[in-house]
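Student: Quick check, what structure comes out for this input:
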Amino acid sequence: MKALNLITLVLVIVGGLNWGLVGAFDFNLVAALFGEGSALSRVVYVLVGLSALWQLVPLFRGAQVGETRAQAMR
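Tutor: Numbering: from 1, shown residues only. As a prediction, the model looks like this:
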């Protein structure tokens, strides 16, 4: 699980940075790398979205046990 959490966290960070570039500079890095609307771009977007959903698990688990800072699931 720890490896999956790390992979999904990296994908969420990549997605966040991409949105930051879109907002600040109107530059979509994923589309620039893989082609706008390409199958590979869509796969990246889906993986980022699924990763964000997965990262909700440790967030809510931490809230249930009263943790005050984010920690990886063990």
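Student: Leaving out sequence neighbours, find the closest residue to Leu47.
Tutor: Leaving aside its chain neighbours, Leu47 sits nearest to Leu11 (5.7 Å; criterion: CB to CB, 6 or more residues apart in numbering). For every residue, glycine as well, the C-beta is placed using N, CA and C.
Student: so which strand or helix has the one you found?
Tutor: Using DSSP states H and E, Leu11 maps to helix 2-25.
Student: any idea how far that helix is from the chain center?
Tutor: 4 Å (CA atoms, centre = their mean, to the nearest Å).
Student: got a list of what the residue nearest the centre of the chain touches?
Tutor: Nearest to the mean C-alpha position of the chain, by CA atoms, centre = their mean, lies Val12 at 1.4 Å. By CB atoms under 8 Å, 6 or more residues apart in numbering, Val12 lies in contact with 48, 51-52, 55.
Student: Tell me which other helices or strands the very next helix or strand once past the helix holding Leu11 touches.
Tutor: Later in the chain than helix 2-25, the nearest helix or strand by DSSP H and E is helix 29-34. Counting contacts by 3 or more CB pairs under 8 Å, 6 or more residues apart in numbering; DSSP states H and E, helix 29-34 is packed against helix 2-25, helix 39-64.
Student: Could I get the buried residue list for the longest one?
Tutor: Spelled out, that is helix 39-64. Buried residues in helix 39-64, counted by 16 or more other CB atoms under 10 Å: 41, 44, 47-48, 51, 54, 58, 62.
Student: closest to Phe27 among those?
Tutor: The shortest gap between Phe27 and any of the buried residues of helix 39-64 belongs to Ser41, at 14.0 Å (CB to CB).
Student: shouldn't Leu11 be in contact with Tyr45?
Tutor: No - in this structure, Leu11 is not within contact of Tyr45 by CB atoms under 8 Å, at 10.3 Å.
Student: on that earlier part again, relative orientation of the helix holding Leu11 and helix 39-64 in degrees?
Tutor: Angle, helix 2-25 to helix 39-64, by axes from the mean of the first three to the mean of the last three CA atoms, to 10 degrees: 110 degrees.
Student: Alright, calling it a day.
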